[in-house]
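Peer 1: Sharing a model prediction with you, sequence too.
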Amino acid sequence: MSMTETPEGPRKTVYIETYGCQMNVSDSELMYGSLAAHGYTPVEAPDGADVILVNTCAIRENAETRVIGRLGELKRFMKADTIVGVTGCMAQRLGPRLLDQAKHVSLVVGPDGYRSLPQLLDGARSGERFSATDFDLEEHYEDVVARRFEGVKAWIPVQRGCNYRCTYCIVPYTRGAERSRKLDDVVRETHDVVAQGLSEIVLLGQTVNSYNDGTHDFADLLRAVAAVDGIRRVRYTSPHPNDFSDRVIAAMAEVPEVCEHVHLPMQSGSTSMLKRMLRRYSREDYLASVERLRNAIPGLALTTDIIVGFPGETDAEFEDTLSLCREVRFNDAFMFKFSMREGTPAERMPAEWTVPDAVVTERFDRLLATVRGISRENNMTRLGARVEVLVEKVARDGTLLQARSRDFKTVMVPAESAKIGDYLTVELTGTTGATFTGTPVRDRAPLPMASPMASPMVSTTA
């Protein structure tokens, strides 16, 4: 029986499976919250759920292929009256085409349509099928109370959409134009987060450091949320290299709650490649941003995104990417093989610019080896350092706890040393090259951080 019994009678159950970025995680929390307010009970597995929603990503073709396959797999979990819906960026991109591709899907709802989910589900019970993919540039879901499931941190969207038009990117077409929430609304949500017992927040936006609500900029926002009593850590993702004003960098340097980590998407180390990508900065501009950030924030950890095999990429342009990795010495990198997306400007580039798969794979392997080598070197220099960590979850092996340092190191600590949500000071005692082991140091403050590090993150399908 899938419905949960309550004093008022049975409640419908809903299962949401989430793919893609942190914004999608946040959107799933919004959907859970909205549906809970309309009588639904979230469940942790699709088996027999009254509603199954797949919240999707469209950033790469492989992500969409995985979702299509998963929709087929989910048929075996359906009851006769289960409603299946697809939400998120893939839903926005494909719209009614998804209803044609998957006959058991009743709903296709884009990121600005979640407010209508309860009503759409009611209609679906009558056998109707819906596609709701209109943009709403005023929608920020201010009156929806998110049902958070991340445990120790809160994702807080502060900006939706994007005004940059990078030639490879589908996001402006799936999430619309950039718009920012009012600062007071973000601060209110931050107070709510503290009331729920959380002390770390992550501010989300497609180019989050371009935040501007008409009165306040991102520097104002950082200072305002950090001032909320009970907030201990402030993170954000993802910024754009062009939007680090002096005010924003000063706020990062001066506000102790802002963590010493910036995920700074690079995409390529070649100025000519960056021009074809329409990234609006050069190699030299990017390096200047890195220098300004590191000069202002001692011990800053830098992570990045890199695309391999963008149309027209030459050997020399790829070598520029490798050399920039060596120069900056990133602490981490998300590395991706280029994925052509229907409707983006890259689709109109000459066919002869296509980089052969074998060449892309060889370059990707070289990039991976370069980033991992730098990470390993950095990691070894960190052994013996003491850092503050926040325990986030049980590690995969079940015998350790996984924690995170302020500068985004993953540190494994003994299970008996703490519980999820605890802050600890640990000494870094070992490294696999990707993560650290840490030994708790009792009653001693963390030592100042030395040169930062982290491990490479790799994805070719997400």
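Peer 2: Looks like it arrived, so ask away.
Peer 1: Could you list the domains of the chain?
Peer 2: 4-132, 150-259, 386-446 (automatic domain parsing).
Peer 1: distance of E17 from G39?
Peer 2: 21 Å (Cβ to Cβ, to the nearest Å). In this view, the C-beta of every residue, glycine as well, is placed from N, C-alpha and C.
Peer 1: Helix or strand for S106, just tell me which one.
Peer 2: For S106, the element it lies in under DSSP states H and E is strand 105-109.
Peer 1: now for that strand, which elements pack on it?
Peer 2: Identification of packing neighbours for strand 105-109 by 3 or more Cβ pairs under 8 Å, 6 or more residues apart in numbering; DSSP states H and E yields strand 83-88, helix 89-94, helix 96-101, helix 117-124, strand 130-132.
Peer 1: and the nearest residue to Q267 once chain neighbours are set aside, helix, strand or coil?
Peer 2: In space, Q267 comes closest to I307 once its chain neighbours are excluded; the distance is 5.1 Å by Cβ to Cβ, 6 or more residues apart in numbering. Following DSSP: H, G, I helix; E, B strand; the rest coil, we place I307 in the strand state.
Peer 1: What separation do you get for I307 and Q206?
Peer 2: 16 Å.
Peer 1: now swap in P46 and tell me
Peer 2: 30 Å.
Peer 1: Check K12 too.
Peer 2: Remark: distance between K12 and Q206 (Cβ to Cβ) = 33 Å.
Peer 1: These two: who's more crowded?
Peer 2: More neighbours surround Q206 than the other of K12 and Q206, with 23 against 18 (other Cβ atoms under 10 Å).
Peer 1: can you list the domains of the chain in CSV and add mean pLDDT?
Peer 2: What follows is the domains of the chain, written out as CSV (pLDDT from 0 to 100):
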stretch, mean pLDDT
domain 4-132, 92
domain 150-259, 96
domain 386-446, 91
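Peer 1: so what does the helix or strand containing E17 touch, helix or strand wise?
Peer 2: With elements taken from DSSP H and E, the one containing E17 is strand 9-18. When contacts are defined as 3+ Cβ pairs under 8 Å, 6+ apart, strand 9-18 packs onto strand 4-6, helix 22-36, strand 40-42, strand 51-56.
Peer 1: Adding distance to G85 and mean neighbour count, write the ones you listed out as CSV.
Peer 2: Formatted as CSV, the helices and strands packed on strand 9-18 follow (distance: least, Cβ to Cβ, whole Å; neighbours: other Cβ atoms under 10 Å):
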stretch, distance to G85, mean neighbour count
strand 4-6, 20, 11
helix 22-36, 10, 21
strand 40-42, 13, 20
strand 51-56, 5, 26
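Peer 1: quick one, which of those is nearest to L367?
Peer 2: Proximity to L367, assessed across the helices and strands packed on strand 9-18 by Cβ to Cβ, is greatest for helix 22-36 (23.6 Å).
Peer 1: Compute the inter-axis angle for the closest one and strand 9-18.
Peer 2: Computed by axes from the mean of the first three to the mean of the last three Cα atoms, to 10 degrees, the angle separating helix 22-36 from strand 9-18 equals 170 degrees.
Peer 1: Can I get helix 22-36 in CSV? Just the C-alpha atoms.
Peer 2: Listed next in CSV are the C-alpha coordinates belonging to helix 22-36 (Å, rounded to 0.1, in the frame of the first residue of the first chain):
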residue,chain,number,x,y,z
GLN,A,22,22.8,21.7,-7.5
MET,A,23,20.0,23.9,-8.9
ASN,A,24,18.1,20.7,-9.8
VAL,A,25,18.6,19.4,-6.2
SER,A,26,17.2,22.6,-4.9
ASP,A,27,14.3,22.4,-7.4
SER,A,28,13.5,18.9,-6.2
GLU,A,29,13.4,20.2,-2.6
LEU,A,30,10.9,22.9,-3.8
MET,A,31,8.7,20.3,-5.5
TYR,A,32,8.7,18.1,-2.4
GLY,A,33,7.8,21.1,-0.3
SER,A,34,5.0,22.2,-2.6
LEU,A,35,3.5,18.7,-2.9
ALA,A,36,3.8,18.1,0.8
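Peer 1: Now do it against strand 105-109, angle only.
Peer 2: Orientation check (the same axes, to 10 degrees): helix 22-36 against strand 105-109 gives 120 degrees.
Peer 1: Excluding its own residues, what touches helix 22-36? List them.
Peer 2: 14, 16, 18, 42, 51, 53, 55-57, 87-89, 111, 114-115, 117-118, 121, 141, 144-150, 155-157, 202, 204, 206, 237 (Cβ atoms under 8 Å, 6 or more residues apart in numbering).
Peer 1: which among those residues end up buried?
Peer 2: For these, a burial check counting by 16 or more other Cβ atoms under 10 Å picks out 14, 16, 18, 42, 51, 53, 55-57, 87-89, 111, 114-115, 117, 121, 141, 144, 146-148, 150, 155-157, 202, 204, 206, 237.
Peer 1: on that earlier part again, sheet partners, orientation included, of the strand holding S106?
Peer 2: strand 83-88 (parallel), strand 130-132 (parallel) (DSSP bridges).
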